[in-house]
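Asker: For reference, the sequence and a predicted model appear below.
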Amino acid sequence: MTKLSVNINKIATLRNARGGNNPDVVKVALDAEKFGAQGITVHPRPDERHIRYDDVMKLKDVVTTEFNIEGYPDERFMEIIRIAKPAQATLVPDPPHVLTSNSGWDTISHQSMLKDIIAELHQYGTRVSIFINPEEKYFEPAKTAGTDRVELYTEPYAVNFHQNRDEAIKPYLRVSELAKELGLGLNAGHDLDLHNLNFLVKTIPYIDEVSIGHALICDALYYGLENTIQMYRRQLEI
Ligand SMILES: CC(=O)[C@@H](O)[C@H](O)COP(=O)(O)O
Ligand SMILES: NCC(=O)COP(=O)(O)O
């Protein structure tokens with residue numbers, strides 16, 4: 001069964017908007033776990049626009065489901081992982097000022113860098129996932145780099161879903177078969193929501209984990225966090 005990891009970046013965005021501690025990121029993470037989240041994901045970007053270094057240092061001691069820390073593997077990120085030792089680190093090739101993640105790794109040109117980074121993260125006992133576009137040429141090099149999992153970058157799927165869901169999912173189906181043949185674990189994330197999630201996991205039933213943030217937090221404004229998490233869980237189970 002595909003697990004739901006709730007990305008709480010946008011809770012921190014709201015908190016930072018007024019400079020206090022409301023909403024309390026740690027409390028929301030613990031409540032999200034109580035409400036059915038099977039993991040907590042954060043993406044501490046270098047400019048700390050939402051999740052801050054201090055948030056990670058508090059969350060690492062209290063998250064009881066899977067803690068997943070995403071980010072570009074610069075020295076600051078590696079330090080965070082060295083200290084936090086999360087269940088999973090997801091490597092994302094984001095430049096510092098990108099609005100949001102907008103591509104997976106070029107695992108061909110970055111293979112040796114990724115290999116060294118992944119080897120170091122494995123020393124901390126952390127599972128490694130790398131963000132990847134649904135293009136077959138990147139999967140063999142990802143495997144050679146030593147990653148445990150790949151995370152399918154699903155924005156193109158989400159964008160094309162409403163036009164033609166069967167066409168939108170085709171590239172993902174192809175590369176998911178390849179990932180399976182290579183023995184790579186499979187995560188998925190970015191722009192997944194209540195409309196497009198079920199078709200993705202029904203068509204690709206061996207996705208280990210989806211990490212969902214933006215749409216889920218927006219839905220929670222209307223349905224409440226507990227109800228929303230359970231609505232997403234239901235989309236993974238029907
Ligand atoms: C890697 C990924 O797709 C998400 O973590 C995304 O980066 C969310 O980041 P923002 O919340 O900053 O948009
Ligand atoms: N890895 C994807 C993630 O953590 C959340 O992405 P989004 O749902 O905020 O687009």
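Answerer: Arrived safely. Ligands and ions are numbered 1, 2, ... in the order given.
Asker: For residue 105, the count of nearby residues, please.
Answerer: Using other CB atoms under 10 Å, residue 105 has 24 other residues around it. Where C-beta positions appear, they are placed from N, C-alpha and C, glycine not excepted.
Asker: do the same with residue 162
Answerer: 10.
Asker: Ok, the one 4 residues further on next?
Answerer: Neighbours of residue 166 under the rule other CB under 10 Å: 10.
Asker: ok, now how distant is it from ligand 2?
Answerer: 22 Å (CB to the nearest ligand atom, to the nearest Å).
Asker: hang on, that residue is in a helix, isn't it?
Answerer: Yes. Assigned with DSSP: H, G, I helix; E, B strand; the rest coil, residue 166 falls within a helix.
Asker: Could you report the pLDDT at it?
Answerer: Residue 166 is assigned 98 on the pLDDT scale.
Asker: do the same with residue 2
Answerer: As predicted, residue 2 sits at a pLDDT of 98.
Asker: Please tell me I have it right and it contacts residue 198.
Answerer: No. Contact criterion CB atoms under 8 Å: residue 2 and residue 198 do not qualify, at 10.3 Å.
Asker: Ligand 1 versus residue 179, what's the distance?
Answerer: Where ligand 1 is concerned, residue 179 sits at a distance of 17 Å (CB to the nearest ligand atom).
Asker: again, but for residue 84
Answerer: 16 Å.
Asker: Quick one: the strands in the chain, in order.
Answerer: Taking DSSP state E, the strands of the chain run over residues 3-7, 39-42, 66-71, 88-91, 127-132, 149-153, 185-189, 209-212.
Asker: Spell out which parts of the chain neighbour ligand 1.
Answerer: Counting by CB under 6 Å from any ligand atom, the chain comes close to ligand 1 at 7, 9, 43, 45, 70, 92, 100-101, 131, 189-190, 213.
Asker: between the residues you listed, which is nearest residue 146?
Answerer: Nearest to residue 146 among those: residue 131, at 15.6 Å, using CB to CB.
Asker: bridging residues for the closest one?
Answerer: Under DSSP bridges, the beta-bridge partners of residue 131 are residue 151.
Asker: Run a quick neighbour tally on it.
Answerer: Residue 131 has 22 nearby residues by other CB under 10 Å.
Asker: who does the most centrally placed residue in the chain bridge with?
Answerer: The centroid of the chain falls nearest to residue 211 when counting by CA atoms, centre = their mean (4.2 Å). Residue 211 has the following beta-bridge partners by DSSP bridges: residue 5, residue 189.
Asker: Does it touch residue 187 like I think?
Answerer: Yes. In this structure residue 211 lies within contact range of residue 187 using CB under 8 Å: 6.7 Å.
Asker: and for those two, which residues touch both?
Answerer: Residues touching both residue 211 and residue 187 by CB atoms under 8 Å, 6 or more residues apart in numbering: 90, 151.
Asker: before we move on, back to that, looking at the residues of the chain next to ligand 1, spot the one nearest residue 82.
Answerer: If you rank the residues of the chain next to ligand 1 by distance to residue 82 using CB to CB, residue 70 comes first, at 15.9 Å.
Asker: what's around the closest one, how many residues?
Answerer: Residue 70 has 27 nearby residues by other CB under 10 Å.
Asker: pretty sure it contacts residue 88?
Answerer: No. Applying CB under 8 Å as the test, residue 70 and residue 88 come out as separate, 9.0 Å apart.
Asker: dump the residue contacts of residue 161.
Answerer: Taking CB under 8 Å, 6+ apart as the contact definition, residue 161 lies against 168, 195-196, 199.
Asker: can you name the two of those that are farthest apart?
Answerer: Using CB to CB, these span at most 11.7 Å, a distance reached by 168 and 195.
Asker: Right, I'll leave it there.
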